[in-house]
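**Q** all I have is the shape, not the residue letters:
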């Protein structure tokens, strides 16, 4: 009997409103569990069939009220999630001007903005809003919302904020440090006060609730997010997503993208068969006495035709990250290549 291959890959899910990202992960896990072998199969030899439930995780959370793309990694693909964090994300959102929310979205306690005179209100023009938005484009520092999953001394900020609200302690919301983000583009798609519709492309780690809050401060109107839909993450688009409510075990397997969908942007090295075994064992390729076979000749790693050194380089060292494949074009792991020594160091081994 052939050995069962563990399920692994990436799902592009269209998350509905009202569910947390964890809820979606749990639902996918339940679907996978229903497709595990029956009890009688579990008596078969362990080398013939795998009964362990695969790991499930997401590449980036969406707030419960938000909709749109939620990329779900399954099995060994969960080990590649970190390589998606450089991808840009695109959103369609609606801000409400003239009011604020303690959660910076429509689910919180809404407070209308008060103005110096009772009958006075501020309705900024489209030109004024465009000018205000311009200062948020590019690399900026952004303070996450008080109600966020950011940890403060080991505790989630939203738990601290919630406890402060329940106890009625004013000014007891958590103090969060600003974070570096990049907003690549901000486009007004529609404006009819108080509703402001925007198309936004930004880096991982950007909070659009914080953007609404900060825009409201600049305009002196207050603002919060009423609607939020994520329409793209890297190359993955909402038009390619599958509705969660329509997802069956059969569809899950049919729509599952290969794990390589998470590392398509990395440069690749294909190892000769002799070096694949060394890589799987965690050995550095290119060390003294270690060679690579290429076109029937034996030569050092330094001699092979490597991709340009201008590929993605980590910020904490001078090595370059590569996706490693065997001769059958199967992804076997991730490695870092030292451009000075040309030693290839395994970072993640995905097959055994």
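**A** That came through, no problem. Since the model is a prediction, treat every value here as computed from it, not as a measurement.

**Q** only C-alpha atoms for contact and neighbour calcs from this point on.
**A** Noted.

**Q** can you check the pLDDT for the closest residue to residue 93 other than its chain neighbours?
**A** Counting by C-alpha to C-alpha, 6 or more residues apart in numbering, the nearest residue to residue 93 once its immediate chain neighbours are dropped is residue 228, at 4.4 Å. On pLDDT, residue 228 comes in at 98.

**Q** isn't residue 228 up against residue 69?
**A** No - at 11.1 Å, residue 228 and residue 69 do not qualify as touching, with contact defined as C-alpha atoms under 8 Å.

**Q** of the two, who's got more company?
**A** More neighbours surround residue 69 than the other of residue 228 and residue 69, with 31 against 23 (other C-alpha atoms under 10 Å).

**Q** other SSEs contacting the one helix or strand the more buried one maps to?
**A** Here residue 69, judged by DSSP states H and E, is contained in strand 67-74. Counting contacts by 3 or more C-alpha pairs under 8 Å, 6 or more residues apart in numbering; DSSP states H and E, strand 67-74 packs against strand 9-15, strand 56-58, strand 223-233.

**Q** Serialize those strands to a markdown table and add fields for distance to residue 264.
**A** A markdown table is the format used below for these (distance: least, C-alpha to C-alpha, whole Å):
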| stretch | distance to residue 264 |
| --- | --- |
| strand 9-15 | 12 |
| strand 56-58 | 17 |
| strand 223-233 | 13 |
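
**Q** figure out which of the ones you listed is closest to residue 122.
**A** Closest to residue 122 of those is strand 223-233 (C-alpha to C-alpha; 12.0 Å).

**Q** residues in contact with residue 17?
**A** By C-alpha atoms under 8 Å, 6 or more residues apart in numbering, the contact set of residue 17 is 64, 65, 66, 67.

**Q** farthest-separated two in those?
**A** Taking C-alpha to C-alpha, no two of those sit farther apart than 64 and 67, at 7.9 Å.

**Q** neighbour count: these two, which is higher?
**A** When residue 64 and residue 67 are compared for neighbours, residue 67 comes out ahead with 22 against 16, by other C-alpha under 10 Å.

**Q** so the more buried one bridges to which residues?
**A** As for beta bridges, residue 67 partners with residue 229 under DSSP bridges.

**Q** strands of the stretch 1-150 of the chain, residue ranges please.
**A** Assigned by DSSP state E, counting those that start in this stretch, the strands in the stretch 1-150 of the chain fall at 9-15, 56-58, 67-74, 89-97, 99-101, 110-112, 138-142.

**Q** what is the last one packed up against?
**A** For strand 138-142, the helices and strands in contact under the criterion 3+ C-alpha pairs under 8 Å, 6+ apart are strand 179-192.

**Q** list the contacts of the helix or strand just after the strand it packs on.
**A** Using DSSP H and E, the next helix or strand after strand 179-192 towards the C-terminus is strand 195-202. Outside strand 195-202, the residues within contact range by C-alpha under 8 Å, 6+ apart are 88-97, 181-191.

**Q** buried subset of the residues you listed?
**A** Burial by neighbour count, 16 or more other C-alpha atoms under 10 Å: within the contacts of strand 195-202 this picks out 88-97, 181-186, 188.

**Q** from residue 126, how far off is the nearest residue to residue 113 once chain neighbours are set aside?
**A** In this structure, residue 113 finds its nearest non-sequential neighbour in residue 99, 4.9 Å apart by C-alpha to C-alpha, 6+ apart. Residue 99 sits 18 Å away from residue 126, going by C-alpha to C-alpha, to the nearest Å.

**Q** kindly report the same for residue 235.
**A** For residue 235, the distance to residue 126 - C-alpha to C-alpha - is 31 Å.

**Q** the more surrounded of these two?
**A** Set residue 235 next to residue 126 and count neighbours by other C-alpha under 10 Å: residue 126 wins out with 15 against 12.

**Q** would you confirm that the more buried one contacts residue 190?
**A** No - judged on C-alpha under 8 Å, residue 126 makes no contact with residue 190 at a distance of 9.3 Å.

**Q** for the protein, give me the ranges with low pLDDT.
**A** Applying pLDDT under 70 to the chain picks out residues 1-5, 35-52, 116-121, 147-174, 287-319.

**Q** residue ranges of the helices in it, please?
**A** 21-34, 126-134, 157-167, 208-219, 249-255, 273-280 (DSSP state H).
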